[in-house]
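# structure of the sequence below:
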Amino acid sequence: MSLFFKVQPLFKWASQLRFGLCLLMCVCGGAHQALAQVLAADQCVSFNVDPLDIAHKKTSRVDASVFEPLQGKTIRQIRFERMSIFDPNNPNENNKAYLLLNKLHITTRTKVIESQLLFKVGEKIDHKTMEETGRNLRKRKYLTNAYVLPERVCGDQVDVVVITQDAWAIEPQVTFSRQSSNNQTGFALSDANLFGTGNSFTVGYNENKLRNTVSYEFSNPYFLNRQIAFRTLYQDTSDGRNTVLSIAHPFNSLDSTWATGLQISDLSQVEEIRSRDQVINSYRHQAIDNEIYIGKATSINSTATQRWLLGFTQEEDSYYENNESLQAIPSQDKAIYPWIEYQYLQNKYGVFKNLNQIQRPEDVSLGQTFSVRIGMGGKSLGNADDVLRYLVSYDAMVDLSDRHLLELSVDLDGRQHFGTDELDPSILTSAVAYHYLQDEKNRWYARAEMSLGDSLPQHKQLTVGDITGLRGYPTDYLRGDRRYVFTLERRYFSDVHIFNLLRLGGVVFFDVGKAWGLPNEPQPPLLSDVGIGLRLSSTKVRIGNVIHVDLAIPTSARQGIGKYQLTIGAYQKF
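Below is the predicted model of the structure:
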């Protein structure tokens, strides 16, 4: 039986023997096999579809291939079932407080969901398209879950049901993040699903040691229920103003044939440079990043998608001294150039539980993705000299077996000025991670990363400490143009569901690594730490965020730092 749902087929005009055999196959986990056998008899099959709580299933993987035996059949109709935040059929959620919140909440409108489907009535079923639709819907922050399922099959026609469950969208946000060098507090009022339209609007205030910020943000990945991604951001800060405007018709699926987009971005902030728990420099950094592009998919098949993009980009980095500037500041860097990009995306996905999220289905690419962008600009475009810009990225998830996953990634980001060597920043980063899925709750995780940099401005130098890899040390404790970090974690994903609102997990970890290579830095020591952590994940609000509370103790190079480091923050992974 699929992890997503219970299937109870009622075969009209079928013999009791056939009914019993197919029901047995469904219970044993072969729902789609049973379906295929019944379909061979050209009879109608109805399904009572009841989405399950993922936590009730004792497995790490989800069978999402329910449409595979229906390949090529015609979609007769599509029904939308929109579930509110709390399930009245669940005794743990059927109380006055939760039901009142359901009444106050405006459920996502049918048109909002319908506009994001990759299939229509009258089209032939492509099981990979049906699965990708479910993946796309599960990315939406205003939905806790989304399922695309067959509801009734009659001969060559299929009725499809799209089931979505809303997240609580309106929230006053009080934020607190504690790091070794900088505590951060703030408050905001956010509606991630304004009147059920999928529009997100946030107004907030944030304060830390470096700056105070008042921000306004509006976004929607399907603006006006069309394939238009729109985002605008305005921030009034104590050290400048930030503006972002982005509008695009992106590649919304692996079968999308074209894309185009425009981005205008002007961000300004103070960069505080730290080393060995001391502030060694500070300056204001203004970054302008404007871009326009158009892309076309040149090859689309069941195995992979290949795309080519053409674009034009303006990148400008300007630096200004402030009262805390203690060293020389970076030189202005500018690159204006046309570019061409190639993308390769393998069409291979799996659905997991308890990998990076707690007791939630996770759509994971099990194939390879590769992209390379090359740009070139001359003095005629406003550059100081001829400049070469290059971006390369490779990611792969290798499915070794049911219990073993291997992640590989390589990223190269750099530019080459032909008239000067000091403005040629580049970073090469490679990483390998291993997941051992011991059972449905227990995991081992190991990750090793190596980075090499060249001609990096101070705020882009490679660092270790706190959230950058060594949790037992202050932020950016060591810095350089070389870095390696190794992490080993023993993870536990509990099935505790606090008030049916929060999922709970825990971790024991070990970190080791160092950063080095700067001419004016003393010989760096090898750093290592051990620690424990708590993980909290909301099942009703801010879906996808995992709160980290980590307590780490340094085990080497302990002179001059605290006996322990406590960090609190929200991330997208466990």
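
# this structure: helices as residue ranges?
16-27, 31-40, 96-104, 110-114, 127-138 (DSSP state H).

# which other residues reach the last one?
Translated: helix 127-138. 64-65, 67-68, 70-71, 113, 116-119, 143, 145-148, 160, 162, 164, 252-255, 302, 347, 349, 361, 363 (C-beta atoms under 8 Å, 6 or more residues apart in numbering). Heads up, the C-betas are built off the backbone N, CA and C, glycines and all.

# same thing but at 7 Å, please
Contacts to helix 127-138, defined as C-beta atoms under 7 Å, 6 or more residues apart in numbering, come from residues 64-65, 67-68, 70-71, 116-119, 143, 145-148, 164, 253-255, 302, 347, 349, 361, 363.

# what does the model give the spatially closest residue to Arg483 that is not a sequence neighbour for pLDDT?
Distances taken as C-beta to C-beta, 6 or more residues apart in numbering put Leu462 closest to Arg483, at 3.8 Å, once the chain neighbours are dropped. With respect to pLDDT, Leu462 scores 96.

# and Leu462, what does it touch?
Leu462 is in contact with 451, 453, 479-483, 515, counting by C-beta under 7 Å, 6+ apart.

# how about the strands in the stretch 301-450 of the chain?
304-321, 333-346, 349-353, 361-365, 368-377, 387-401, 404-417, 426-437, 442-454 (DSSP state E, counting those that start in this stretch).

# go through those strands and pick out the most buried.
Stretch with highest mean neighbour count among the strands of the stretch 301-450 of the chain: strand 349-353 (a mean of 20; mean count of other C-beta atoms under 10 Å).

# can you give me the offset of that strand from its chain's centre?
Distance, stretch centre to chain centre, for strand 349-353: 14 Å (C-alpha atoms, centre = their mean, to the nearest Å).

# please save the CA atoms from it in PDB.
The C-alpha coordinates for strand 349-353 follow below in PDB (Å, rounded to 0.1, in the frame of the first residue of the first chain):
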ATOM      1  CA  TYR A 349      13.100  11.100  -8.100                       C
ATOM      2  CA  GLY A 350      12.300   9.300  -4.900                       C
ATOM      3  CA  VAL A 351      10.100  10.200  -2.000                       C
ATOM      4  CA  PHE A 352      11.600   9.700   1.500                       C
ATOM      5  CA  LYS A 353      10.700  10.200   5.100                       C
END
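
# so which other helices or strands are in contact with that strand?
strand 61-62, strand 361-365 (3 or more C-beta pairs under 7 Å, 6 or more residues apart in numbering; DSSP states H and E).

# export the longest one to CSV, keeping only CA atoms.
Listed next in CSV are the C-alpha coordinates belonging to strand 361-365 (Å, rounded to 0.1, in the frame of the first residue of the first chain):
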residue,chain,number,x,y,z
PRO,A,361,7.4,13.2,2.7
GLU,A,362,10.5,14.6,1.0
ASP,A,363,10.9,14.7,-2.7
VAL,A,364,14.5,14.0,-3.5
SER,A,365,16.3,14.0,-6.9
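
# who's in contact with the closest residue to Ser215 other than its chain neighbours?
Residue nearest to Ser215 in three dimensions, not counting chain neighbours: Gln235, with 4.3 Å by C-beta to C-beta, 6+ apart. The contact partners of Gln235, by C-beta under 7 Å, 6+ apart, come to 213-215, 241-242.

# what of Ala146?
Taking C-beta under 7 Å, 6+ apart, one finds 134, 137-138, 164 in contact with Ala146.

# repeat that with 10 Å
4, 51, 83, 113, 116, 133-140, 162-165, 361 (C-beta atoms under 10 Å, 6 or more residues apart in numbering).

# do you know how far it is from Thr463?
According to C-beta to C-beta, to the nearest Å, Ala146 stands 39 Å off from Thr463.

# can you list the low-confidence ranges for the chain?
Low-confidence segments of the chain (pLDDT under 70): 1-42, 48-59, 173-184, 209-210, 239, 421-422.

# longest strand of it?
Longest strand of the chain, by residue count under DSSP state E: strand 278-300.

# re earlier: the residue nearest to Arg483 bridge partners, please.
Gly480 (DSSP bridges).

# likewise for Arg61?
Assigned bridge partners for Arg61, using DSSP bridges, are Phe352.

# list the contacts of it.
By C-beta under 10 Å, 6+ apart, the contact set of Arg61 is 3, 350-353, 355, 364, 399, 402-403, 437, 440.

# ok, so of those residues, who is nearest Asp277?
Lowest distance from Asp277 to the contacts of Arg61 (C-beta to C-beta) belongs to Leu355, with 34.5 Å.

# find the nearest non-adjacent residue to the closest one, please.
Using C-beta to C-beta, 6+ apart, the closest residue to Leu355 is Glu362 (5.2 Å).

# cool, Val279 as well?
Sequence neighbours aside, Glu272 is the residue nearest to Val279 in space, at 6.0 Å (criterion: C-beta to C-beta, 6+ apart).

# where's Val364 relative to Leu405, distance?
Relative to Leu405, Val364 is positioned 8 Å away (C-beta to C-beta).

# list residues touching both of the two?
In contact with both Val364 and Leu405: 350, 352, 355, 397, 399, 435, using C-beta under 10 Å, 6+ apart.

# okay, now the nearest residue to the first one once chain neighbours are set aside: neighbour count?
The shortest distance from Gly350 to any residue that is not its chain neighbour, by C-beta to C-beta, 6+ apart, is 4.8 Å, and that residue is Leu366. Close neighbours of Leu366, defined as other C-beta atoms under 10 Å, add up to 15.

# I'd guessed Leu366 sits against Leu355; true?
No. Counting by C-beta atoms under 10 Å, Leu366 sits too far from Leu355 to count as a contact (11.7 Å).

# what is in contact with those two at once?
Leu405.

# who's in contact with Asn242?
Here Asn242 is in contact with 213, 215, 233-236, 265-269, 286-287 (criterion: C-beta under 10 Å, 6+ apart).

# again, only using 8 Å
215, 233-235, 266-269.

# same deal with Ser190?
Counting by C-beta under 8 Å, 6+ apart, Ser190 touches 170-171, 173, 200-204.

# ok, now how distant is the closest residue to it other than its chain neighbours from Val244?
Nearest non-adjacent residue to Ser190, counting by C-beta to C-beta, 6+ apart: Thr202, 4.2 Å away. Separation of Thr202 from Val244 (C-beta to C-beta) stands at 13 Å.

# could you do Asp454 as well?
Going from Asp454 to Val244 by C-beta to C-beta gives 29 Å.

# and for Leu194?
Relative to Val244, Leu194 is positioned 19 Å away (C-beta to C-beta).

# ditto for Thr185
Thr185 sits 23 Å away from Val244, going by C-beta to C-beta.

# from the centroid of the protein, which residue is nearest?
Nearest residue to the geometric centre of the chain (C-alpha atoms, centre = their mean): Gln572, 6.1 Å.

# surely that one touches Val546?
Yes. Applying C-beta atoms under 8 Å, one finds Gln572 in contact with Val546, separated by 7.0 Å.

# spatially, which residue comes closest to Pro88, not counting chain neighbours?
Per C-beta to C-beta, 6+ apart, closest to Pro88 is Asn94, 5.0 Å.

# okay, now that neighbour: neighbour count?
Asn94, neighbours per other C-beta under 10 Å, totals 12.

# list the contacts for it?
86-88.

# make a PyMOL selection of the buried ones in these.
Buried members of these, defined by 16 or more other C-beta atoms under 10 Å, are picked up in PyMOL with:
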select buried, resi 86+87
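
# turn the contacts of Asn94 into CSV, columns for distance to Gly505.
Compiled in CSV, these are given as follows (distance: C-beta to C-beta, whole Å):
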residue, distance to Gly505
Phe86, 22
Asp87, 23
Pro88, 28
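
# out of the contacts of Asn94, the closest to Lys334 would be?
Nearest to Lys334 among these, with distances taken as C-beta to C-beta, is Phe86, at 53.2 Å.

# pretty sure the closest one contacts Glu93?
Yes. At 4.2 Å, Phe86 counts as touching Glu93 under the criterion of C-beta under 8 Å.

# what do the two both touch?
Asn500.
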